[in-house]
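>>> no sequence for this one, just the structure:
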Ligand code: NAD
């Protein structure tokens, strides 16, 4: 049996499937990944070095952090101009058919939500939002006139709930995962009997530890872990995933939908 047929059969017999996604999910929407062959960091290691300093900068000088954020364009491009691709829509379809219960994404691009997925956990935050560094209250970006605050010398933005300093909702390197999202993600992993892992190099922790936790789970029936990625990852090599369907998520996921429809 081909791997696509096998994965669709496993999806049909699963009772609680979830999908973990990464930057590879959005490359077909025109958003570069970090570590793929044309990734931002593969081409520009200096950008990686700066990214590692961002959270420290926020803690040390929120004003400087905000001035820099507002004067440098996002490395990922203008995300509002990007559109979801067939891979995102396939996950919406899995959810609509009742198989997929949640998407846990490392992506900050909001494309799962814009495609129509209902249950999305933004593990690394969401570029369209801001978050209080103290109480984790979230705000839509438009709720703050950031340019106005800069002009008036009133940066950083302050939280309307607790007065804490507001940052981008995106989780920077070295910054803890917001506790509400970390907890919900663990609950989803605990409940699932099938996990798809789509378009991630699986080297960023603690996200990459979620499949490992599932593999080591005790007291519950064994879960199946299926990777869909352009290349093998540490999860493939270390036998954490049961198998890899190698190729583009924007091609493979829609094929799985076709297969489900053919059988269903
Ligand atoms: P990564 O860049 O480390 O790895 C991407 C993986 O996806 C690579 O293995 C690559 O070969 C594979 N890939 C690329 N295009 C693919 C496709 N069309 N189909 C299947 N596989 C494909 O990305 P990561 O593991 O998500 O880690 C990067 C971190 O950077 C994450 O924390 C994420 O928050 C952030 N990031 C987000 C975005 C976004 O929001 N779109 C983009 C870049 C980086």
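Thanks, I have it. Quick caveat: nothing in here was measured; it's all calculated off a predicted structure.

>>> Which parts of the protein are helices?
Here the chain has its helices, by DSSP state H, at 3-13, 40-43, 45-60, 62-71, 86-96, 111-115, 146-151, 179-191, 209-216, 234-237, 249-263.

>>> What residue in this protein is the furthest from its centre?
Taking CA atoms, centre = their mean, the residue of the chain most remote from its mean C-alpha position is residue 152, at 34.6 Å.

>>> which residues touch it?
Residue 152 makes contact with no residue, according to CB atoms under 8 Å, 6 or more residues apart in numbering. Just so you know, the C-beta spots here come from the backbone N, C-alpha and C atoms, and that holds for glycine as well.

>>> my read: residue 160 touches residue 138, true?
No. Judged on CB atoms under 8 Å, residue 160 makes no contact with residue 138 at a distance of 11.3 Å.

>>> Name the residue in those two with the higher neighbour count.
The neighbour comparison of residue 160 against residue 138 (other CB atoms under 10 Å) goes to residue 138, with 16 against 12.

>>> Can you give me every residue that contacts that one?
So residue 138 contacts 129-131, 169 (CB under 8 Å, 6+ apart).

>>> can I get the helices of the chain in TSV with mean neighbour count, mean pLDDT and distance to residue 203?
Listed next are the helices of the chain as TSV, based on neighbours: other CB atoms under 10 Å; pLDDT from 0 to 100; distance: least, CB to CB, whole Å:
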stretch	mean neighbour count	mean pLDDT	distance to residue 203
helix 3-13	17	96	23
helix 40-43	15	86	11
helix 45-60	14	89	12
helix 62-71	16	95	25
helix 86-96	22	98	21
helix 111-115	21	97	21
helix 146-151	13	96	32
helix 179-191	15	96	18
helix 209-216	17	95	11
helix 234-237	16	97	7
helix 249-263	18	96	18
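
>>> Export these to JSON lines and append columns for distance to the ligand.
Compiled in JSON lines, the helices of the chain are given as follows (distance: least, CB to the nearest ligand atom, whole Å):
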{"stretch": "helix 3-13", "distance to the ligand": "14"}
{"stretch": "helix 40-43", "distance to the ligand": "7"}
{"stretch": "helix 45-60", "distance to the ligand": "9"}
{"stretch": "helix 62-71", "distance to the ligand": "16"}
{"stretch": "helix 86-96", "distance to the ligand": "7"}
{"stretch": "helix 111-115", "distance to the ligand": "7"}
{"stretch": "helix 146-151", "distance to the ligand": "20"}
{"stretch": "helix 179-191", "distance to the ligand": "12"}
{"stretch": "helix 209-216", "distance to the ligand": "12"}
{"stretch": "helix 234-237", "distance to the ligand": "10"}
{"stretch": "helix 249-263", "distance to the ligand": "4"}
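
>>> Of all the ones you listed, which one is nearest residue 102?
Smallest distance to residue 102 across the helices of the chain (CB to CB): 4.7 Å, for helix 179-191.

>>> which strands and helices sit next to that closest one?
strand 17-21, strand 100-105, strand 120-122, helix 209-216 (3 or more CB pairs under 8 Å, 6 or more residues apart in numbering; DSSP states H and E).

>>> Please name the residues that touch residue 168.
69, 125, 127, 130-131.

>>> ok, it to residue 4 distance?
Distance, residue 168 to residue 4, by CB to CB, to the nearest Å: 38 Å.

>>> How about residue 136?
Residue 136 sits at a distance of 40 Å from residue 4 (criterion: CB to CB).

>>> Please apply the same query to residue 129.
From residue 129 to residue 4 the distance is 35 Å (CB to CB).
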